[in-house]
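1. missing the sequence, but the structure's below:
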């Protein structure tokens with residue numbers, strides 16, 4: 001059984017395991033994240049940020065483009081490294097976890 005190192009920007013989604021994350025009337029971060037990922041996939045714009053083929057995790061494929069285009073356009077965040085850190089905090093706050101190894 002060989003483990004393979006995965007990029008540190010690969011995150012696994014746990015939204016399906018916690019339905020309380022959906023707040024009716026408000027877009028909580030995990031719901032917004034899923035909607036953005038689905039929208040980018042539908043618009044063929046997932047080349048810098050998108051679902052992995054199995055659909056259980058997402059990956060930031062181009063960090064600079066993600067910071068410059070995705071964060072301001074889809075998440076209403078300013079361009080810059082600080083916004084990336086804020087995004088990472090939000091991801092961690094809602095139970096997403098970074099995948100570093102695959103079996």
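-> Nice, thanks for sending it over. For clarity, every value in this text was computed on a predicted model and none was experimentally measured.

2. What segments of this structure are strands?
-> Using DSSP state E, the strands of the chain run over 4-5, 10-12, 49-51, 57-60, 97-98, 101-102.

3. Nearest to the spatial middle of this structure, which residue is it?
-> For the chain, residue 58 is the residue whose C-alpha lies nearest the centre (CA atoms, centre = their mean; 5.4 Å).

4. Worst mean pLDDT among the strands of the chain?
-> When the strands of the chain are compared by mean pLDDT, strand 4-5 comes last with a mean of 42.

5. which residues touch the closest residue to residue 93 other than its chain neighbours?
-> Closest residue to residue 93 apart from its sequence neighbours, by CB to CB, 6 or more residues apart in numbering: residue 29 at 7.4 Å. From N, CA and C alone the C-beta is placed, and that goes for glycine too. By CB atoms under 8 Å, 6 or more residues apart in numbering, the residues touching residue 29 are 90-91, 93-94.

6. Throw those residues into TSV and include distance to residue 50, thanks.
-> Formatted as TSV, those follow (distance: CB to CB, whole Å):
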residue	distance to residue 50
90	18
91	15
93	22
94	19
